[in-house]
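Q: everything below, folded, please.
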Amino acid sequence: MDHQEFHKAACTLCGGKIEFPANAGGMTVECPHCHRQTELQPLKRVSRNISRLLIFMVLGIAGTVAALVFLKIGKPGKTVYPPAVSPVSNAAPVSAEPTRRKSLEDLKLQGNVSVEKAKGGSRLTYATGTLKNDSNHQRYGVKVEIDLFDQAGNKLSARANDYVQTLEPHKDWKFRALVLDAKAITAKLAAIAEEP
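A: The predicted structure is shown next:
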């Protein structure tokens, strides 16, 4: 299996996230979101020191809240008793229908993946298709990986991929994965992933 390194970039015009192979850094490509030209510059990763600082801040706030709650409970005050409950109730029964858990199986390809040339005389090629979030959950950091094939049907070593930050419940995402291998004629969905 090919373990090609990928980077993420943000479109300089619309801010949309683009994932690309490491060797494509610095290239100017058509943004799959706003369809304007943008340069692929890897996003800088947040340093671990900032992450640690954020963790300590959250823990500090949680500790302060816990101390305040403890102090409030420790004060003597008026005892409050719950209201009396009647054995006969006219209230409608509460539905106990469980919510389905998130599953990658809820992210479904609608139709096939196709390989298309960009419009406007551009030499760029994209693997396009539609992915549906068939669940009641909002999905974050959804990524599709596409296998590419040449005219003879042989699988190429390069893959195409695309990424969307948020996919709303029961909505479609029309992905456009940049194809960097000029021999690619057909494409097939290889994998779907989601950030934890």
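Q: secondary structure class for the residue nearest in space to the middle of the chain?
A: Nearest to the mean C-alpha position of the chain, by CA atoms, centre = their mean, lies residue 141 at 1.4 Å. With DSSP: H, G, I helix; E, B strand; the rest coil as the basis, the three-state label of residue 141 is strand.
Q: mind listing what it touches?
A: Counting by CB atoms under 8 Å, 6 or more residues apart in numbering, residue 141 touches 163, 165, 194-195. For every residue, glycine as well, the C-beta is placed using N, CA and C.
Q: residue 19 reaches residue 10, doesn't it?
A: No - Residue 19 lies out of contact with residue 10 (CB atoms under 8 Å); the separation is 10.9 Å.
Q: with neighbour numbers in mind, choose between the two.
A: Taking neighbours as other CB atoms under 10 Å, residue 19 and residue 10 compare with residue 19 leading, 19 against 16.
Q: make sure I have this right: that one is in a strand.
A: Yes - under three-state DSSP, residue 19 sits within a strand.
Q: which parts of the lowest-mean-pLDDT helix or strand in the chain are buried?
A: One helix or strand of the chain scores below all others by mean pLDDT, DSSP states H and E: helix 48-74, with a mean of 76. Buried residues in helix 48-74, counted by 16 or more other CB atoms under 10 Å: none are found.
Q: may I have stretch 179-196 as PDB, with CA atoms only?
A: C-alpha atoms of stretch 179-196 as PDB (Å, rounded to 0.1, in the frame of the first residue of the first chain):
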ATOM      1  CA  VAL A 179      -6.100  14.400  -9.800                       C
ATOM      2  CA  LEU A 180      -2.300  14.800 -10.200                       C
ATOM      3  CA  ASP A 181      -1.700  11.800 -12.500                       C
ATOM      4  CA  ALA A 182      -2.400  12.600 -16.200                       C
ATOM      5  CA  LYS A 183      -2.900   8.900 -17.000                       C
ATOM      6  CA  ALA A 184      -6.100   8.700 -14.800                       C
ATOM      7  CA  ILE A 185      -9.200   7.900 -16.900                       C
ATOM      8  CA  THR A 186     -11.500   6.300 -14.300                       C
ATOM      9  CA  ALA A 187     -11.900   6.500 -10.500                       C
ATOM     10  CA  LYS A 188     -13.400   4.500  -7.700                       C
ATOM     11  CA  LEU A 189     -14.100   5.400  -4.000                       C
ATOM     12  CA  ALA A 190     -11.300   3.700  -1.900                       C
ATOM     13  CA  ALA A 191     -12.100   4.900   1.600                       C
ATOM     14  CA  ILE A 192     -14.100   7.300   3.700                       C
ATOM     15  CA  ALA A 193     -12.700   8.700   7.000                       C
ATOM     16  CA  GLU A 194     -13.800  11.100   9.700                       C
ATOM     17  CA  GLU A 195     -11.900  13.000  12.300                       C
ATOM     18  CA  PRO A 196     -12.600  11.700  15.800                       C
END
